[in-house]
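>>> turn this into a model:
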Amino acid sequence: MLAIATTPPPVLPRAVSVLLLLGLGVLAAQMTWQVLEPDVRPAATVDVTNESVAPTPEAAPESPFATVARLPLFGVLGERATPEPVVAPETRLRLRLVGLMAGDAPEQGHAIIVESGSPERLYRAGDAVGGGQARLHQIHTDRVILERDGGYETLRLPRPDGSTAGAPASAAPARAAAPAPAPAATDEPRIQRSEWLGDPERLLQTVRARPVIQGGVLHGLEVSPTRNARQFQQAGLRPGDVITSVNGMPLSAIDDTDSLFQDLAGQQRVDLVVERDGQALPLSIELID
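Model (predicted):
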């Protein structure tokens, strides 16, 4: 009987103890996760929120500093207008300016220049002249500006007396006043449409025009013959005539000379008003083909 009393205790209580320990461990782990999880999830939410707000720096261009940084404070390369040369002495190149037709800007228009030993040629701004020694820079109403060796030089139209100095414009008409009765009154002035209106070079070879400024505005164009004096006379013009109106429009109101030439090309005659010997005279010129 003692043998039975001294048998080992049953194993069940030990197993229950182990299970209880395991259960407490699992419960502790779950409690720990529940305690830590709220701290982890908001952190992830904050990250997502920050990522969604991240593109907002696109509004940065509205910053005053960013705007100022983009401003061309020192100008934009290539958009700087070339200033008109202030110092442009008379050129010493062996060139002669025999005619020109100024455009709306100094970089437009045409000029007829004679080089030494060469025939007359028609040039535009940017063309090389003087055997490549200079470049035609600007075309004005009474002169052209040449660019040479980094500087600027002036080539002026000669006056009717052959000089290029700034002599009074009235000096030339006084000398030409003697042969006043050149064309007969019965001969109607006429010009070739193709030669005067279709070919600027031919026109410049016939007529030299100088602006007449009164009160700071254009009053008219003083005309004189160049090489083809006969065509100049056939048009009914005399050296020193000042054209003040074309087809009823004052020269001071004409802005687009190209459009004017196109309009005249389709007409049968052109009506001018010229000042001659201090008087305004009408002059109607027939355009023939």
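>>> every contact and neighbour count from this point should use C-alpha atoms.
Will do.
>>> how is this protein carved up into domains?
Domain ranges of the chain: 95-156, 183-288, per automatic domain parsing.
>>> would you reformat the ones you listed as a markdown table and include mean pLDDT and distance to Pro89?
Shown next, in a markdown table, are the domains of the chain (pLDDT from 0 to 100; distance: least, Cα to Cα, whole Å):
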| stretch | mean pLDDT | distance to Pro89 |
| --- | --- | --- |
| domain 95-156 | 84 | 5 |
| domain 183-288 | 76 | 21 |
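>>> adding mean neighbour count, write these out as JSON lines.
Formatted as JSON lines, the domains of the chain follow (neighbours: other Cα atoms under 10 Å):
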{"stretch": "domain 95-156", "mean neighbour count": "18"}
{"stretch": "domain 183-288", "mean neighbour count": "17"}
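>>> got those domains as TSV, with distance to Val87 columns?
Shown next, in TSV, are the domains of the chain (distance: least, Cα to Cα, whole Å):
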stretch	distance to Val87
domain 95-156	7
domain 183-288	22
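>>> who's in contact with Glu188?
Taking Cα atoms under 8 Å, 6 or more residues apart in numbering as the criterion, Glu188 is in contact with Gly236, Ser284, Ile285, Glu286.
>>> next, work out how far apart it and Tyr123 are.
From Glu188 across to Tyr123, the span is 34 Å (Cα to Cα, to the nearest Å).
>>> likewise for Ala111?
For Ala111 relative to Tyr123 (Cα to Cα), the value is 5 Å.
>>> hmm, Gly220 is touching Leu251, no?
Yes: using Cα atoms under 8 Å, Gly220 is in contact with Leu251, at 6.0 Å.
>>> show me the strands in the protein, by range?
Using DSSP state E, the strands found in the chain span residues 95-102, 109-115, 120-123, 128-129, 134-139, 143-148, 151-156, 190-192, 207-214, 217-225, 242-246, 249-250, 269-276, 279-288.
>>> just want the angle from the fifth one to strand 109-115.
Following axes from the mean of the first three to the mean of the last three Cα atoms, to 10 degrees, one obtains 140 degrees for the angle between strand 134-139 and strand 109-115.
>>> Ile145: what's it in contact with?
Neighbour list for Ile145: Ala88, Leu136, His137, Gln138, Ile139, Tyr152, Glu153, Thr154, Leu155 [criterion: Cα under 8 Å, 6+ apart].
>>> sorry, back to before: dump the strands of the chain into JSON lines; add distance to Gln231 as well.
Below are those laid out as JSON lines (distance: least, Cα to Cα, whole Å):
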{"stretch": "strand 95-102", "distance to Gln231": "16"}
{"stretch": "strand 109-115", "distance to Gln231": "18"}
{"stretch": "strand 120-123", "distance to Gln231": "18"}
{"stretch": "strand 128-129", "distance to Gln231": "29"}
{"stretch": "strand 134-139", "distance to Gln231": "25"}
{"stretch": "strand 143-148", "distance to Gln231": "24"}
{"stretch": "strand 151-156", "distance to Gln231": "24"}
{"stretch": "strand 190-192", "distance to Gln231": "7"}
{"stretch": "strand 207-214", "distance to Gln231": "9"}
{"stretch": "strand 217-225", "distance to Gln231": "9"}
{"stretch": "strand 242-246", "distance to Gln231": "17"}
{"stretch": "strand 249-250", "distance to Gln231": "24"}
{"stretch": "strand 269-276", "distance to Gln231": "16"}
{"stretch": "strand 279-288", "distance to Gln231": "12"}
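>>> ok, the contacts of Ile145 vs Val98, which is closest?
Leu155 (10.3 Å; Cα to Cα).
>>> returning to that earlier point: overlap in contacts of Gly220 and Leu251?
Common neighbours of Gly220 and Leu251, counting by Cα under 8 Å, 6+ apart, are Ile243, Thr244, Ser245.
>>> check the gap between Glu153 and Arg92 for me.
From Glu153 across to Arg92, the span is 8 Å (Cα to Cα).
>>> what are the boundaries of the helices in the protein?
Secondary structure of the chain by DSSP state H: the helices cover 2-5, 12-53, 64-70, 171-175, 193-197, 200-204, 229-234, 257-265.
>>> test my guess that Ile139 contacts Ala111.
Yes: using Cα under 8 Å, Ile139 makes contact with Ala111 at a distance of 7.2 Å.
>>> how about Glu153, nearest residue that isn't a chain neighbour?
What sits nearest to Glu153 in space, not counting adjacent residues and going by Cα to Cα, 6 or more residues apart in numbering, is Ala88, at 4.4 Å.
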